[in-house]
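K.L.:
Using only what follows, build the 3D model:
(one chain, ligands or ions: 1)
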Amino acid sequence: MTIPSKMNAMILTGHGDLDKYEWRTDWPVPTPAADQVLVKVGACGMNNTDVNTRAGWYSKAVTGATDTATEETPDGDDPAWGGAPITFPRIQGADVCGEIVAVGAKVDPARIGERIITDNWLRDSDDLQNKNKTGYYGSELDGGYAQYTVLPSRNALAVHSDLSDAELATFSCSYSTAEGMLERAQVTASDTVLVPGASGGVGGALVQLAKHRGARVIALASPAKHAEVSALGADRVLPRTPDNLSADLKKETITVLADVVGGPFWSTLVDVLERGGRLTTSGAIAGPMVDLDLRTLYLRDLTFTGSTVIDLAVMPNLIRYIEAGDIRPSLAATYPLADLKDAQSAFIAKKHTGNIVVLP
Ligand SMILES: NC(=O)c1ccc[n+]([C@@H]2O[C@H](COP(=O)([O-])OP(=O)(O)OC[C@H]3O[C@@H](n4cnc5c(N)ncnc54)[C@H](OP(=O)(O)O)[C@@H]3O)[C@@H](O)[C@H]2O)c1
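P.N.:
Sure thing, here's the model as predicted:
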């Protein structure tokens with residue numbers, strides 16, 4: 001296959017609003033380093049990591065919900081997920097499905113032609129277990145909002161599936177985050193898991209993956225999205241912020257709260273956890289600042305776990321679930337990559353259920 005020297009790419013030029021994206025048709029196609037592969041992008045999923053990083057929402061100076069992030073001024077020192085600055089120009093986009101079209105000197109050429117999805121966690125190859133030495137593809141390294149991308153060979157995972165590229169591009173971030181959370185909370189078939197934001201990328205994956213473990217799942221979502229959340233397998237679906245949650249859940253024993261929403265309703269959610277219950281959290285789309293009554297935490301013997309950098313086994317497990325058809329994609333819409341600003345506006349508006357994907 002002939003690889004061109006220039007490509008289309010959506011370039012992020014700095015932190016701020018959508019006008020920080022620049023559409024380029026003359027961006028250089030990257031060359032794979034010795035341990036990297038060059039991937040022709042078939043589709044790339046959109047995630048809040050892109051929105052948060054673009055807006056600088058990860059900065060401790062920002063305290064509001066994700067959709068209000070650019071109303072506050074991020075600190076220059078901590079605007080990205082890892083607490084350190086990233087450099088610009090940057091190509092975002094983490095969830096690539098594509099084909100390996102070239103390899104670096106240390107990678108087996110037999111990999112050329114493989115269909116892959118990405119493991120987004122970039123690790124130190126000599127210290128793979130060390131979560132302090134990690135970066136995120138599309139954040140610390142250019143990602144997939146382009147026609148071609150390079151990444152370490154170990155981050156390009158072969159996948160055999162009848163799903164389309166767009167469908168496969170929904171899994172990497174949302175589902176690995178969800179599975180990482182369920183691992184941290186050690187969810188089993190004896191649990192009842194409460195999932196706020198169940199219509200979202202991570203929330204929908206939490207529903208499916210908690211059901212895959214045999215747990216009972218109670219989802220919270222805006223009423224217009226209830227049918228789609230039920231179709232993911234939730235046993236019950238309640239509104240986003242029920243008027244009387246504890247009454248609605250009277251006959252339930254909530255052992256796990258798997259939350260990526262946070263915000264003003266968070267303390268009501270924590271209040272319905274059973275004695276010995278577990279909160280696992282990986283996001284705060286409704287706002288990172290929450291009220292916690294410490295007595296709730298200690299008098300009820302609760303355990304709180306945060307989850308971001310996933311264990312090494314998570315992605316290979318997900319590939320197995322995808323290939324076996326145990327989990328399915330939740331694809332809300334596709335947009336041309338050139339229309340990424342429209343795609344991100346729609347993504348932030350949250351009228352959809354599942355994931356939005358761009359096509360180069
Ligand atoms: N730590 C990590 O590695 C990691 C990885 C992925 C995502 N995350 C984080 O997890 C959070 C959710 O990500 P996601 O991709 O699942 O998001 P998403 O697809 O945008 O969905 C979020 C869902 O939350 C619900 N929601 C409730 N209150 C909301 C509010 N005030 N504003 C917006 N949505 C609200 C919405 O559902 P309803 O309208 O149905 O209520 C929405 O569908 C984000 O903060 C993201 O940064 C973290």
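
K.L.:
What residues are bridge-paired with residue 220?
P.N.:
Beta bridges link residue 220 to residue 238 when assigned by DSSP bridges.

K.L.:
cool, and residue 336?
P.N.:
Applying DSSP bridges, one finds that residue 336 bridges with residue 359.

K.L.:
That one reaches residue 166, doesn't it?
P.N.:
No: using C-beta atoms under 8 Å as the test, residue 336 is too far from residue 166 to be in contact (11.8 Å). Using the backbone N, CA and C atoms, a C-beta is placed for each residue, glycine as well.

K.L.:
more neighbours, these two?
P.N.:
More crowded of residue 336 and residue 166, by other C-beta atoms under 10 Å: residue 166, with 21 against 12.

K.L.:
so how many other residues sit close to the residue of the stretch 101-250 of the chain found nearest the ligand?
P.N.:
In the stretch 101-250 of the chain, the residue found nearest to the ligand is residue 200; the distance is 2.0 Å by C-beta to the nearest ligand atom. A total of 26 residues lie near residue 200 under the criterion other C-beta under 10 Å.

K.L.:
if you go through this protein in chain order, where are the helices?
P.N.:
Counting by DSSP state H, the chain has these helices, from start to end: 48-55, 165-168, 172-184, 201-212, 226-231, 245-248, 266-271, 294-299, 314-324, 340-349.

K.L.:
Any chance of a markdown table for these, columns distance to residue 81 and mean pLDDT?
P.N.:
Rendered in a markdown table, the data for the helices of the chain read as follows (distance: least, C-beta to C-beta, whole Å; pLDDT from 0 to 100):
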| stretch | distance to residue 81 | mean pLDDT |
| --- | --- | --- |
| helix 48-55 | 6 | 95 |
| helix 165-168 | 24 | 98 |
| helix 172-184 | 12 | 98 |
| helix 201-212 | 14 | 98 |
| helix 226-231 | 27 | 98 |
| helix 245-248 | 30 | 96 |
| helix 266-271 | 20 | 98 |
| helix 294-299 | 26 | 97 |
| helix 314-324 | 17 | 98 |
| helix 340-349 | 17 | 96 |
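
K.L.:
now those in CSV, with distance to residue 219?
P.N.:
Below are the helices of the chain laid out as CSV (distance: least, C-beta to C-beta, whole Å):
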stretch, distance to residue 219
helix 48-55, 19
helix 165-168, 21
helix 172-184, 13
helix 201-212, 6
helix 226-231, 5
helix 245-248, 12
helix 266-271, 12
helix 294-299, 23
helix 314-324, 19
helix 340-349, 20
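
K.L.:
And the ones you listed: which comes nearest residue 135?
P.N.:
Nearest to residue 135, of all the helices of the chain, is helix 48-55, at 12.0 Å by C-beta to C-beta.

K.L.:
which residue packs closest to the residue in the stretch 251-360 of the chain positioned nearest to the ligand, ignoring adjacent ones?
P.N.:
Using C-beta to the nearest ligand atom, the single residue of the stretch 251-360 of the chain nearest to the ligand is residue 283, 2.1 Å away. Nearest non-adjacent residue to residue 283, counting by C-beta to C-beta, 6 or more residues apart in numbering: residue 260, 3.2 Å away.
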